[in-house]
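Asks: Give me a model of this one.
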Amino acid sequence: MQPVAPGATGWSQIAWFMVLGMDLELLSTTLEELGEPGFRAAQVWEWTARGATGYDEMTNLPESLRAELAARVPFSTLELIDQAESRDGTVKALFHTEDGRPVESVMMRYRDGRRSICVSSQSGCPLTCTFCATGTMAFGRNLTTAEIIDQALFFRRIEPIDHCVFMGMGEPMMNLDNVLAACDLLPDVGVTNRRTTVSTVGWLPGIEQFNAQDRPVRLALSLHAADPTLRSKIMPVNDRYPLEDVLDACRKHWRETNRKVFIEYVMLAGVNDHTKHAKQLAAALTPHGAFKVNLIPYNPTGTGYDGSARTTIGSFRDTLLAAGVPATVRLTRGQDIAAACGQLVADKLQAAAVSEDDAVMTTAAT
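Replies: Below is the predicted model:
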């Protein structure tokens, strides 16, 4: 049996079958054993992309087939472990993969109606940025296309979504094939390529590969310090791929696509938030038309850093604007639910360690 993928979007059969946590062989074998026509698989994906929570909602499939699929083919690659909702409407989810790897994702709700999700591309991260909770974790592995898109499908089951950023756990450019395969699937879920952003800390081979593909996906660079010594201190990747080389690749992206590169800059109190740092950043981002800076108030993660004051962030932005660099300040979301990248996992690991220590102490006392 050779099922045909829905629509004419051009992505591979294997990629979209993997969305459901089922490989092509398993789905094909199951449908063939049940004597079902090839278009049944397309029907399953169509329902799933629209936010169906299970096979029982797929009313254009025979009831007996729905029951068989529910019993024989897993509906998702991820198991929900924890979910929290902030006072501002932000939703954070912690999943485990089939082999027990932690994965975090966030949905941010905005007053203008936008529903933006932040998804992970790896479990853990090998690049150890010192301010990032994920950087304190052991690196697990790259996520599959299915595990990436299943994060989006989870939030689609709550409500429609329309923006996506790959800025969760992990370095997307180290898993770019699976990230781009997920980008090919996101439009069916409600997120067009033009509303999708892939963020990198400066993994140069991945940026070069990203530049060679033709999807209108946006590029973002987590920069955080324009001074090489300081950047290497807080982002060790800078020793391997110096900032100027990374910025050259970003400029190439802008020249070839006419799309600005977003510069993400986390504001760390007393570390990278002085006026001199703003001037260094403005000098590095030439030509100014190629970049737009997004200043990010730091959501403390227990890594030893504090966030800059709002007045300091405002002065930093004003310095950039005066130098001709477009700059905005990101809205702070989900602070009350540990919404920073990797924070929920880190909090749970810390709690588990405290619980284990308490148990040891109790045993010793008795």
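Asks: burial count for the residue nearest to residue 105 when sequence neighbours are not counted?
Replies: In space, and not counting its chain neighbours, residue 105 is closest to residue 151: 4.1 Å by Cβ to Cβ, 6 or more residues apart in numbering. (Each C-beta comes from the backbone N, C-alpha and C, glycine too.) Around residue 151 there are 28 other residues, counting by other Cβ atoms under 10 Å.
Asks: Residue 151: which element?
Replies: Using DSSP states H and E, residue 151 sits in helix 145-156.
Asks: what about the helices in the stretch 51-200 of the chain?
Replies: Remark: helices assigned in the stretch 51-200 of the chain by DSSP state H, counting those that start in this stretch are 63-72, 145-156, 176-189.
Asks: Distance from the chain centre to the shortest one, please.
Replies: When C-alpha coordinates are averaged (Cα atoms, centre = their mean, to the nearest Å), helix 63-72 and its chain have centres 32 Å apart.
Asks: Quick one: list the elements packing against that helix.
Replies: With contacts taken as 3 or more Cβ pairs under 8 Å, 6 or more residues apart in numbering; DSSP states H and E, helix 63-72 sits against helix 24-33.
Asks: the inter-axis angle of the helix holding residue 151 versus helix 176-189?
Replies: Calculated by axes from the mean of the first three to the mean of the last three Cα atoms, to 10 degrees, helix 145-156 forms an angle of 30 degrees with helix 176-189.
Asks: just to revisit the earlier point, most packed of the helices of the stretch 51-200 of the chain?
Replies: Ranked by mean neighbour count, those are led by helix 145-156 with a mean of 26 (mean count of other Cβ atoms under 10 Å).
Asks: right, and residue 300 touches residue 308 too?
Replies: No. Between residue 300 and residue 308 there is no contact under Cβ atoms under 8 Å: 11.4 Å.
Asks: Neighbour count for these two, which is higher?
Replies: residue 308 (24 against 16).
Asks: From residue 205, how far off is that one?
Replies: Between residue 308 and residue 205 the distance is 32 Å, computed by Cβ to Cβ, to the nearest Å.
Asks: hmm, who's touching stretch 244-261?
Replies: 202, 204, 207-208, 210-211, 216, 218-221, 284-285, 287, 289-292, 326 (Cβ atoms under 8 Å, 6 or more residues apart in numbering).
Asks: switch to 7 Å and redo it
Replies: 202, 204, 207-208, 211, 218-221, 284, 290-292 (Cβ atoms under 7 Å, 6 or more residues apart in numbering).
Asks: Would you mark the buried spots in it?
Replies: Of the residues in stretch 244-261, those buried by neighbour count under the rule 16 or more other Cβ atoms under 10 Å are 246, 247, 249, 250, 251, 253, 254, 260, 261.
Asks: Tell me which two in the residues you listed are the farthest apart.
Replies: Pairwise distances across the buried residues of stretch 244-261 peak at 15.8 Å for 246 and 260 (criterion: Cβ to Cβ).
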